[in-house]
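In: no sequence for this one, just the structure:
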Ligand SMILES: [Zn+2]
């Protein structure tokens, strides 16, 4: 068996790991898009690192675009096999992938307008809505914790990992003529005791572990209560500064978690009288889907739903679908809270909100999740004093805040807790993906201390032939 790392190698986005058997059976674990890598992003996404026609199947850990976003591109380039996913992942992919095609069209139109002026070659969208339709028709829905056949000699099980609705680690059982082996592909490792999603489940012992490493060098501050932090940001911005509180958030997961938390704060009577906008058409649909799959949520939310039907709707809150309504919020001078995608602030409506709000110190931009260092969100979190948005240089005068304890990714302690189900002596090799290199080096050290002996940090397109002991 060979492993080839086709994405998220020494970087956080673009997850794609290829498992190849002696007989050319080729299974791709995740098919993610690169995000927030500046000018290289488009090239990385448009040049497929493998001929999709040669793939036997794709197994998908969750619906986030950095894991699912290139599936329609692979289908467009000739992939005809099945795409295995949980039911909630499929439901979310239906909206996420259509949205991705839509965003690309809009972004390409915008960039080409600028390119026309300079005479540079025009971009093309990587895929369109009909490629998405075709991709969705190739999905096969699989129940969590039930073994299924992926291809000849490859069986898999989805084991919920607490990251977002429908997310799961992928546990592969591989049967080759001379060797049987098991692989645990962690996907994005979620957290314990979060606002919405059930805790990660313990995966069985594996010979090979392919582990994410986003926060491999970081501990989320447990002394700071995320709810309290969010409330302080609201009071400070809305009541004291009378400004806008802009929260860039993934439409899926983060947005529902923030809305649920604000709903609870409002029930306690702690929120000031303020309008709250969820400005993302995708978030509206993602919220509906989250409600539909309420059995995947944690016991607290279930109890909440039992007494109040809507954990994601209350008086002060308004979901914004139409573009014109979104523009009206930009023009308004009233204090308000805006929750809008994308989380890295690199695309979507939130970029417009930031564009209009960033040069006013009354406003606050509050980050609640990971952002690539080169993305707009990454630059703001890094403390850059000026940033370029839509080609215009903007002074960063608004306050920039981060609540890392709201992240959907486990910190290194939580990832190590997750890995406690694995006896390090029985793991023949571990590969770190989905992390920045300097973070991975720090995590590598910690894993060695835990007793994992062979831990590798693959380069992009590097191939390994692990020996199972
Ligand atoms: Zn994710």
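Out: The structure has been received and is ready for your questions. The structure presented is a predicted model; accordingly, all values stated were derived computationally and were not measured.

In: flag every residue of the stretch 1-150 of the chain that's near the ion.
Out: With Cβ under 5 Å from the ion as the criterion, the stretch 1-150 of the chain meets the ion at residues residue 64. Bear in mind the C-beta positions are built from the backbone N, C-alpha and C, glycine included.

In: pLDDT below threshold where in the stretch 1-150 of the chain?
Out: Low-confidence regions of the stretch 1-150 of the chain, defined by pLDDT under 70, span residues 114.

In: who are the contact partners of the closest residue to the ion within it?
Out: Using Cβ to the ion, the single residue of the stretch 1-150 of the chain nearest to the ion is residue 64, 3.5 Å away. Listed by Cβ atoms under 8 Å, 6 or more residues apart in numbering, the contact partners of residue 64 are 32, 96, 164, 188, 250, 252-253.

In: and the closest residue in space to residue 296 that isn't next to it in sequence, which of the three is it?
Out: If the residues on either side of it in the chain are set aside, residue 296 comes closest to residue 165, at 5.7 Å by Cβ to Cβ, 6 or more residues apart in numbering. Here residue 165 is recorded as coil under DSSP: H, G, I helix; E, B strand; the rest coil.

In: which residues does residue 165 contact?
Out: Residue 165 neighbours (Cβ under 8 Å, 6+ apart): 63, 88, 92, 196-197, 252-253, 289-290, 293, 296-297.

In: any figure for the gap between the residue nearest the centre of the chain and residue 343?
Out: In the chain, the C-alpha nearest the mean C-alpha coordinate belongs to residue 64, at 4.3 Å (Cα atoms, centre = their mean). From residue 64 across to residue 343, the span is 10 Å (Cβ to Cβ, to the nearest Å).

In: same deal with residue 173?
Out: Going from residue 173 to residue 343 by Cβ to Cβ gives 34 Å.

In: over to residue 375?
Out: 9 Å.

In: which helix or which strand is home to residue 261?
Out: Using DSSP states H and E, residue 261 sits in helix 254-267.

In: the next helix or strand after that helix: partners in the sheet, and parallel or antiparallel?
Out: For helix 254-267, the succeeding helix or strand toward the C-terminus, using DSSP H and E, is strand 275-279. Applying DSSP bridges to the sheet, strand 275-279 is found paired with strand 317-320 (parallel), strand 336-340 (parallel).

In: list the buried ones in the helix or strand following the first one?
Out: Think strand 317-320. Moving toward the C-terminus from strand 317-320, the first helix or strand encountered (DSSP H and E) is helix 323-331. Judged by neighbour count (16 or more other Cβ atoms under 10 Å), helix 323-331 contains these buried residues: 326, 329.

In: ok, now stretch 142-157?
Out: With burial defined by 16+ other Cβ under 10 Å, the residues of stretch 142-157 counted as buried are 142, 144, 150-151, 153-154, 156-157.

In: run the chain-centre distance for that stretch.
Out: When distances are taken as Cα atoms, centre = their mean, to the nearest Å, stretch 142-157 is centred 24 Å away from the chain's centroid.

In: need the residues that contact that stretch.
Out: Residues external to stretch 142-157 that are found in contact with it (Cβ under 8 Å, 6+ apart): 19, 21, 23, 25, 27, 56-57, 59, 84-87, 158-160, 168, 170-176, 201.

In: tell me if residue 238 really is in a helix.
Out: Yes - following the definition three-state DSSP, residue 238 is counted among the residues of a helix.

In: and it, how many neighbours does it have?
Out: Using other Cβ atoms under 10 Å, the number of residues around residue 238 comes to 23.

In: next, the contact list for it, please.
Out: In this structure, residue 238 makes contact with 245, 272, 274, 335-337, judged by Cβ under 8 Å, 6+ apart.

In: in the stretch 301-450 of the chain, what residue lies closest to the ion?
Out: Of all residues in the stretch 301-450 of the chain, residue 408 sits closest to the ion, at 6.5 Å by Cβ to the ion.

In: ends of stretch 340-359, what's the gap?
Out: Distance across stretch 340-359, first residue to last, is 19 Å (Cα to Cα, to the nearest Å).

In: no more questions from me, cheers.
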